[in-house]
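Visitor: Sequence first, then the predicted structure, then my questions.
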Amino acid sequence: MRTESELNGITLLGNQKTEYRSDYAPEVLESFDNKHQGNDYFVKFVCPEFTSLCPMTGQPDFATIIIRYIPDVKMVESKSLKLYLFSFRNHGDFHEDCVNIVMKDLIQLMNPKYIEVFGEFTPRGGIAIHPFANFGRAGTPFEQMARERLFHHDMQ
């Protein structure tokens, strides 16, 4: 079990007065300590209800966002991640920008060993866009892993 001090800073989980922000809000992201820092393992999140706005037309864009990362010291708390992703609802940006923003915000929050963010945006106008962004910490085997995954990513 986690101690009370280990849960310090987790304010959203279990909170019955959750505020759903509709403006881009990276400040809602919360983290906690990884108790298994000696293990390299993946954590995967799948958000099938991601929405943002086209910056030109204001029309909604819908996507499934898949986040996979190998934690180091910090991990993202899942409810805060859900609220963060929800905050893109009225955010106007291109699909590629959204994926890169999510990745960079999570890097800033937890400094993972490796992270990848994949967006499966619903086709509009006869075309689907599936941007993929990843990062591996410099000077580690994860840096090479990021290069290999980027150029061998299955886009199907």
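Guide: Perfect, I can see it now. Numbers count the residues shown, from 1 in each chain.

Visitor: For this structure, just list every one of the helices.
Guide: Per DSSP state H, the chain has helices spanning 78-86, 95-110, 141-152. These are given in chain order.

Visitor: Who are the packing partners of the longest one?
Guide: Counting by 3 or more C-beta pairs under 8 Å, 6 or more residues apart in numbering; DSSP states H and E, the packing neighbours recorded for helix 95-110 are strand 43-53, strand 60-70, strand 74-76, strand 114-124, strand 132-136. (C-beta placed from N, C-alpha, C; glycine too.)

Visitor: what pairs with the last one, and is each one parallel or antiparallel?
Guide: Taking DSSP bridges as the criterion, strand 132-136 sits next to strand 114-124 (antiparallel) in its sheet.

Visitor: residues of the partner strand that come out buried?
Guide: 114-121 (16 or more other C-beta atoms under 10 Å).

Visitor: got the end-to-end distance for stretch 72-79?
Guide: The first and final residues of stretch 72-79 sit 20 Å from each other (C-alpha to C-alpha, to the nearest Å).
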